[in-house]
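Trainee: How does the following fold in three dimensions:
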Amino acid sequence: MISSGKIKSVDFYRKIPRDLTEASLSGAGLSIVAALAMMFLFGMELNNYMTFSTSTSVIIDQSTDGDFLRIEFNISFPALSCEFASLDISDVLGTNRLNITKTIRKFSIGPDLRPTGSEFQSGPALHNIKHGDEGDEYSGDGSISLTAHNFEKFSHHHPILVVNFYAPWCYWSNRLKPSWEKAAKIMRERYDPEIDGRILLAKVDCTQEADLCRRNHIQGYPSIRIFRRGSDLREDHGHHEHESYYGDRDTDSLVKTMEALVAPIPLESEKLVLGGSNETGNAKRLAPLTGGCRIEGHVRVKKVPGNLIISAHSGTHSFDTSQMNMSHYISHLSFGRTIAPKVMSDVKRLIPYLGRSHERLNGRSFINHRDIGANVTIEHYLQIVKTEVITGRSNKLIEEYEYTAHSSLIQSLNIPVAKFHFELSPMQVLVTENKKSFSHFITNVCAIIGGVFTVAGILDSILHNTLRLVKKVELGKNF
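Mentor: So this is what the prediction gives:
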């Protein structure tokens, strides 16, 4: 058997009898300093162990063909009516989605950009609007021409006033004209304005009465408005509550619609009965109260270069491009799903620079002061970079899209639009959160303790020998 004496021979820490050791003030001072240094360095190492470091790399975007990018937006157009506001999506792969309505909402807004009522209802999509035969001609004037001077007089005199706001240069206005005049003549014969007067069909030339058309928020031609006498008294601030007609434009359809409007109104009564027949419910809807529109919502697009375009659009109306103003204010525009504020704050503590370009255009306005002329399109060129963050605690993946933006106002030969051209970078930024290993922490703690202890011992030995030497010199002893 191995004796205990042989085992003791491998003792690295041999003990010196206490009687053979000597305590000193210098040693005590160094011991206190060494202990404080150990505590300080241990605290620093513990703090370093508890924090996380990150590594950043740039790699090829790992998106697949089936991945889509979400675009969230809230944009206000002071001079674009919700009646014609359309949001379209296109991309380089041939995708072309027109007048998206499923995931967006529209609100009529005033000059202060605040909503003037509830959500604007576009209503169900109508069939192709039927017109009279293109060769039909009608030389007579069955409808009354209104101006800014007599408009209020007629609108307060007749329970129902139906007005065709038109422009002589407009193709669709000219298509409507024969049918409109024929229908107006028929209704005048059936409901003589002098005897009956329950309904009157009129017209307004918007090239001559621009202010009158602007007050009624007319932006597309022809626009047929249905004014009910007294409806402006039902609302505060004198707002007219009237309707827009979107139905067929042939003579028979117009006459049928007018008859449905007159039916609920008694001949001798001037009291307006609202509601009436539902026969034309899909053909007429409340007209916008103001000329501005706020468009908000989201769309999903393929991860390829594409365009988000907001413009005035209608298959049966014409627009005076010289009078259109696509100025807008961007309340919100971002890509990808919205990250919860708590998650974003946690990520920002890890990566302070992240999120600075996530909503770069928020709060910015782009106004066309008409300094460069008419037909002005406002374009935004957006370059998007995807950032993925993998956290060390839960290996949770956070996706965040940041973008740069360059905007310009340019004159266009076509109808003015607000155009957002987006393009994703083929590269993505990958940020990985790295946690230090516990073994590395223990190794550093041992190094701190051993290093400080050793250095303190060396300093104590030097200080002790120096003091002994000084005492010998003072006593006059030789070496």
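Trainee: R190: how many residues sit nearby?
Mentor: 14 (other Cβ atoms under 10 Å). To be clear about C-beta, it is placed using only N, CA and C from the backbone, and glycine gets the same treatment.
Trainee: next one: phi and psi at it?
Mentor: Phi and psi for R190, reported as degrees, to the nearest 10, are phi -80, psi -40.
Trainee: dump the residue contacts of it.
Mentor: For R190, the contact set (Cβ atoms under 8 Å, 6 or more residues apart in numbering) comprises D196.
Trainee: Tell me which stretches of the stretch 201-350 of the chain form helices.
Mentor: Remark: helices assigned in the stretch 201-350 of the chain by DSSP state H, counting those that start in this stretch are 210-215, 251-262, 341-350.
Trainee: meant to ask about the stretch 51-200 of the chain, not that
Mentor: With DSSP H, counting those that start in this stretch as the criterion, the stretch 51-200 of the chain has helices at 151-157, 171-190.
Trainee: and N74, what are its bridge partners?
Mentor: E296, H332 (DSSP bridges).
Trainee: which stretch among the helices of the stretch 201-350 of the chain comes nearest S143?
Mentor: Of all the helices of the stretch 201-350 of the chain, helix 251-262 sits nearest to S143, with 10.9 Å by Cβ to Cβ.
Trainee: Hmm, V162 is touching P222, no?
Mentor: No. If you go by Cβ atoms under 8 Å, V162 and P222 don't touch, sitting 11.9 Å apart.
Trainee: so how far is stretch 290-302 from its chain's centroid?
Mentor: The chain centroid and the centroid of stretch 290-302 are separated by 8 Å under Cα atoms, centre = their mean, to the nearest Å.
Trainee: actually stretch 425-441, not the one I wrote
Mentor: 31 Å.
Trainee: can you list contacts of it?
Mentor: Counting by Cβ under 8 Å, 6+ apart, 45-46, 48-49, 52-62, 350-351, 354, 383-393 sit against stretch 425-441.
Trainee: before we move on, back to that, dump the helices of the stretch 201-350 of the chain to a markdown table, plus mean neighbour count, distance to S143 and mean pLDDT.
Mentor: Converted to a markdown table, these look like this (neighbours: other Cβ atoms under 10 Å; distance: least, Cβ to Cβ, whole Å; pLDDT from 0 to 100):
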| stretch | mean neighbour count | distance to S143 | mean pLDDT |
| --- | --- | --- | --- |
| helix 210-215 | 15 | 15 | 89 |
| helix 251-262 | 20 | 11 | 90 |
| helix 341-350 | 13 | 58 | 67 |
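Trainee: Ok, which of those comes nearest K177?
Mentor: Here helix 251-262 is closest among those (Cβ to Cβ), at 11.4 Å.
Trainee: Summarise which helices and strands the closest one is packed against.
Mentor: Other helices and strands packing on helix 251-262, by 3 or more Cβ pairs under 8 Å, 6 or more residues apart in numbering; DSSP states H and E, are strand 160-166, helix 171-190, strand 199-205.
Trainee: got the CA coordinates for that helix in PDB?
Mentor: The C-alpha trace of helix 251-262 is given here as PDB (Å, rounded to 0.1, in the frame of the first residue of the first chain):
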ATOM      1  CA  THR A 251     -82.300  56.900 -71.300                       C
ATOM      2  CA  ASP A 252     -84.500  54.100 -70.000                       C
ATOM      3  CA  SER A 253     -82.200  53.500 -66.900                       C
ATOM      4  CA  LEU A 254     -82.100  57.200 -66.100                       C
ATOM      5  CA  VAL A 255     -85.800  57.600 -66.300                       C
ATOM      6  CA  LYS A 256     -86.400  54.500 -64.200                       C
ATOM      7  CA  THR A 257     -84.000  55.900 -61.500                       C
ATOM      8  CA  MET A 258     -85.700  59.300 -61.500                       C
ATOM      9  CA  GLU A 259     -89.100  57.700 -61.100                       C
ATOM     10  CA  ALA A 260     -87.800  55.700 -58.100                       C
ATOM     11  CA  LEU A 261     -86.600  59.000 -56.600                       C
ATOM     12  CA  VAL A 262     -89.900  60.700 -57.100                       C
END
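Trainee: got the angle for it vs strand 199-205?
Mentor: 120 degrees (axes from the mean of the first three to the mean of the last three Cα atoms, to 10 degrees).
Trainee: Give me the phi and psi angles of G315.
Mentor: Main-chain torsions, G315, degrees, to the nearest 10: phi -80, psi -10.
Trainee: Now do it: how many residues are near it, please.
Mentor: Neighbour count for G315, taken as other Cβ under 10 Å: 10.
Trainee: same check, this time on G94
Mentor: 6.
Trainee: roughly how far apart are it and G450?
Mentor: As judged by Cβ to Cβ, to the nearest Å, G94 and G450 stand 70 Å apart.
Trainee: same thing with L201?
Mentor: For L201 relative to G450 (Cβ to Cβ), the value is 102 Å.
Trainee: Would you mind telling me which of these two has more residues around it?
Mentor: L201 (26 against 11).
Trainee: list the contacts for that one?
Mentor: G142, S143, I144, V162, V163, N164, W180, A183, A184, M187, R188, M258.
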